[in-house]
Every structure is written in structure tokens, then in C-alpha cells.
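K.L.:
quick one, structure for this:
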Amino acid sequence: MAINKFTKGFVYLVAGTALAGSAVAGGLERGGYNVDLLFDTSKYVFESGVIYVMPNRRLENVQDADGGPGGPTSVDDTENYAIPRVGFKIGFTDAIDCMADYSQPWGGHTNPGVDWAGANNNVETKVNSDNYSATCSYKFDAGPGEFRVIGGGFYQEVDGFQEKLVILPFGFGSGIGRLDLEGNGWGWRAGVAYEIPEYAFRASLVYNSSVDLGDVSGTLDLSQLPTIPPINPLLGQVTPVFANAKMPDVLELKMQTGIAPDWLAFGSVKWADWSQLQAIAVCPTATKGMASCTIGGGTDVTSLDLLYRDGWTINAGVGHKFNDQWSGAVSLTWDRGTSHGYGSQTDSWTLGTGVSYKPTEHIELRFAGALGLWTSGESNPTVLNGEPIGDGVSYSFGNDLIAALSTSLKIRF
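P.N.:
Residues are numbered from 1 along each chain as shown. Alright, predicted model coming up:
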């Protein structure tokens, strides 16, 4: 017996609920990649939304083996952030659908400030991204359902900065050093999906390529520090610098199916190749071509120390249609933290809920929220390829709360 009694708003509510839960994933993940709009059965669809995330990571028992600045040994590390998204989909024929969207897949913001014992490791670090993509699909009949082939590309811009307290030896002074970097690159995506509309069944597998940001360029600002050439010729000035980095490739499997009249089950598994981001060496632009810009390569002047491992995110949930206007869904998300001995991105468990309201056939409003637990752990200095990482700073952290709110508007015509 067919159990497809779902409104469009209900079927797509699950995506908003899952996004609210996965917005706290590890690495530099923010909104990630999403092509769910492509599956909407209306010919023209406009969608916009925002997720507001409130992480609450507090660092405790901070120690600096290198004799840092002193100060409080506990500090709030994280900042709240918003993740916007805008997309538009067109059904050109019964078989061909295309969408274009703007999103912010990557980002991060820690801001413990200068008044803590680990200020020489981090005062403030922020990463931003802008992603512009176009994706199309072609579907055809296959057995009891439809098989869909998906392909597209995207252009990505990434920028950010890091500030640290630089303490000179022999009492020569201290000051804030600031590193600014920006880069851009292209990526592509490919995937497949199989749908049986009669049972609200869909399974999709989508791969998003890595994005080579090329020669990431920027400046190292040490102008707050006194000029002491014998110690460091870069002191007291702003120096053009460069680095090399790639954003990760991502593979995601999603499934949903009707399980009873007005009931839907859904789930997803996502892998992100964050392990390619270890320590990113930064070198003066004037040395480009003289030697390889690597940690300990002879020309590096600083580095962005991440030491991530691959990220895994698993989401599962159920949804229910109450009537033709109101639907609801609940989901549970587990994310394997990308930090493993260095950094504070540990595993998280997040419960997400959401409702969909359709005041008319063409307008849908969705509201979702999530409350999660960030597990405890500790971070210690380490060694990478024979080079010390972590500025001698160690700390621990307990189980912390994460909260997120999401709202979106979808218009079909």
C-alpha cells in the first residue's frame, strides 16, 4: 500500500532539522554543501534561510611550558556565528532540474582575547568563506522509481586572520602579531540519486571535490613590535606572505523513506577530508621560488596549526505531518571531533527539532533548533615532522553545551 501522504513542506523539513544539528560539525565546517533544493518537485523554487549557532567552549587549567604571558588559566574560547544561505531552482523539463545557490560552507571564530595564559598561542582567529555554485540533474525512469544523475561546480573564496601575543626574548618587549590570508579556487560535484515518490523514498550519494586555493596571499603584521633586526628582520613592519592550502573534499549519503501514513524516517552519513589540513606553513612572498614553503623548510615564518583528522557526521530522525499546514521532525546527530590530542574540537551529540508551516500552497516557513553536548578533553603541545606545534600551551575542557536556531522561507511558483 502506498504511504505517500506527505506535503512537500514536510519532506523538505527534514533537511532543515538536520542542518541545524550538523551546523556544529568539526573542522572548519559551517553550512557545508547542500543540494536538497534540487529535488523539489515545483518548477520554480526560491529559498533563503539562516542558522544561528551558539557554541560554548570554555578552556580550563591553561599552562604554558614556554613561559607565556601569565594571566587567567580559564577563558571562554568560542564566538556565536550565523550561517546564511540563498538558492533558486528551475525545472527546465520533466527530466532536467538546475539550481544555483550562495552559501558559507566553511568558517571558524575563536576569541579568547589577550588576557589569558595562552595568549601567545591565540588571541583571536577567524575564518570566512563564500561559495557560489550551480548544479543540475537529469532523471529517468528506472524500475518502480526514478534514477537521477547530478553534476555541477562551484567557486569558493576563503579568507581569515589570526592574532597572537608575540613575546620577544631577553625582555625586548611584546606586542600583537597579526596574520591575514585570503585565497580562492574552483570545485566540482557529482552524484546519483534514486527516488520512489509513491513511498517518499529517496537515496542520494553526492561527492564534492576539494578546492585548491592556490597561492594563498596576505600579510604578517609585526608593526607593534620593536625593530630588532638581529633577532628577526620582520619585526616592526608588515611583510607580504603566502601559503598553500586546500579545502576538503566531502562525500555524503542521505536516505529518507515513508514508514507509515504521515510518517517519515531519514538519515545521513557524511565524511570530510579534514586530515589534509595539518600545519599550514606561511612564508614571505620575497622567498617564493627560493625554497619549498613547508614547516621547517627554512623560509617559513609562522604557521596555522590545525592538526585535524577526518570528520564523520551521522544523522538520523523521524518526521510527522499533523495536517496540511503543520509538520514536525526530530533528529539526533553525532559528529566525530576533528581534534585528537591538539585543539578543542571533540565529539558532539546534538538533538534537533523543527516545524514547517504552509500558510498557502506556495509559501512555506520552517523553524528548527538544536541543543548539543560537546564532549570533554584536553589539548597539549605536539611535534609534527620534527617541529614543535602548539607554542607550549596545554589546557583541558569539560562537557560544554552547543545551541543552534534555524529559520528559512521557501516560495514555490
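
K.L.:
please name the bridge partners of Gly175.
P.N.:
Counting by DSSP bridges, Gly175 forms beta bridges with Val166.

K.L.:
can you show me the strands along the stretch 251-400 of the chain?
P.N.:
Remark: strands assigned in the stretch 251-400 of the chain by DSSP state E, counting those that start in this stretch are 263-272, 279-284, 302-305, 311-321, 326-336, 348-357, 363-374, 377-379, 382-384, 387-389, 393-397, 400-412.

K.L.:
adding distance to Met54 and mean neighbour count, write these out as TSV.
P.N.:
The C-beta positions use only the backbone N, C-alpha and C, and glycine is treated the same way. Formatted as TSV, the strands of the stretch 251-400 of the chain follow (distance: least, Cβ to Cβ, whole Å; neighbours: other Cβ atoms under 10 Å):
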stretch	distance to Met54	mean neighbour count
strand 263-272	22	20
strand 279-284	28	22
strand 302-305	25	20
strand 311-321	19	20
strand 326-336	16	21
strand 348-357	12	21
strand 363-374	10	21
strand 377-379	20	20
strand 382-384	30	13
strand 387-389	29	16
strand 393-397	16	20
strand 400-412	4	19
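
K.L.:
could these be laid out in CSV, adding mean pLDDT and distance to Tyr155?
P.N.:
Formatted as CSV, those follow (pLDDT from 0 to 100; distance: least, Cβ to Cβ, whole Å):
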stretch, mean pLDDT, distance to Tyr155
strand 263-272, 96, 19
strand 279-284, 94, 21
strand 302-305, 93, 23
strand 311-321, 95, 23
strand 326-336, 95, 27
strand 348-357, 94, 30
strand 363-374, 94, 28
strand 377-379, 96, 34
strand 382-384, 90, 31
strand 387-389, 87, 32
strand 393-397, 96, 36
strand 400-412, 95, 23
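
K.L.:
turn those into JSON lines, including distance to Glu47.
P.N.:
What follows is those, written out as JSON lines (distance: least, Cβ to Cβ, whole Å):
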{"stretch": "strand 263-272", "distance to Glu47": "18"}
{"stretch": "strand 279-284", "distance to Glu47": "34"}
{"stretch": "strand 302-305", "distance to Glu47": "34"}
{"stretch": "strand 311-321", "distance to Glu47": "18"}
{"stretch": "strand 326-336", "distance to Glu47": "16"}
{"stretch": "strand 348-357", "distance to Glu47": "13"}
{"stretch": "strand 363-374", "distance to Glu47": "9"}
{"stretch": "strand 377-379", "distance to Glu47": "37"}
{"stretch": "strand 382-384", "distance to Glu47": "42"}
{"stretch": "strand 387-389", "distance to Glu47": "42"}
{"stretch": "strand 393-397", "distance to Glu47": "36"}
{"stretch": "strand 400-412", "distance to Glu47": "5"}
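
K.L.:
relative to Gly67, which of those is closest?
P.N.:
Nearest to Gly67, of all the strands of the stretch 251-400 of the chain, is strand 393-397, at 11.1 Å by Cβ to Cβ.

K.L.:
who does the closest one pair up with?
P.N.:
Next to strand 393-397 in the sheet, as set by DSSP bridges, lie strand 58-64 (antiparallel), strand 377-379 (antiparallel).

K.L.:
nearest to Gly218, out of the ones you listed?
P.N.:
Nearest to Gly218, of all the strands paired with strand 393-397, is strand 377-379, at 25.7 Å by Cβ to Cβ.

K.L.:
related to what we said a few turns ago, quickly compare the strands paired with strand 393-397 and say which is most buried.
P.N.:
Highest mean neighbour count among the strands paired with strand 393-397 (mean count of other Cβ atoms under 10 Å): strand 377-379, with a mean of 20.

K.L.:
what does it rub up against?
P.N.:
337, 339, 341-344, 346, 390, 393-397 (Cβ atoms under 8 Å, 6 or more residues apart in numbering).

K.L.:
again, but for stretch 287-297
P.N.:
Residues outside stretch 287-297 that contact it (Cβ under 8 Å, 6+ apart): 215, 242-244, 279, 281-283, 298-300, 303, 384-387.

K.L.:
C-terminal to the worst-scoring helix or strand of the chain on mean pLDDT, what's the next element?
P.N.:
Counting by mean pLDDT, DSSP states H and E, the chain has its least confident helix or strand at helix 8-22, which shows a mean of 55. Next in sequence after helix 8-22, counting helices and strands by DSSP states H and E, comes strand 44-55.

K.L.:
which elements pack onto that next one?
P.N.:
Other helices and strands packing on strand 44-55, by 3 or more Cβ pairs under 8 Å, 6 or more residues apart in numbering; DSSP states H and E, are helix 8-22, strand 81-91, strand 400-412.

K.L.:
in PDB, list the C-alpha atoms belonging to it.
P.N.:
This file holds the C-alpha atoms of strand 44-55, laid out as PDB (Å, rounded to 0.1, in the frame of the first residue of the first chain):
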ATOM      1  CA  TYR A  44      10.400  27.300  -9.800                       C
ATOM      2  CA  VAL A  45      11.600  27.500  -6.200                       C
ATOM      3  CA  PHE A  46      13.300  30.200  -4.200                       C
ATOM      4  CA  GLU A  47      14.700  29.500  -0.800                       C
ATOM      5  CA  SER A  48      16.600  31.600   1.800                       C
ATOM      6  CA  GLY A  49      17.500  30.900   5.400                       C
ATOM      7  CA  VAL A  50      19.900  31.400   8.200                       C
ATOM      8  CA  ILE A  51      21.300  29.200  11.100                       C
ATOM      9  CA  TYR A  52      22.500  30.900  14.200                       C
ATOM     10  CA  VAL A  53      24.900  28.800  16.300                       C
ATOM     11  CA  MET A  54      25.900  29.400  19.900                       C
ATOM     12  CA  PRO A  55      28.800  27.300  20.900                       C
END
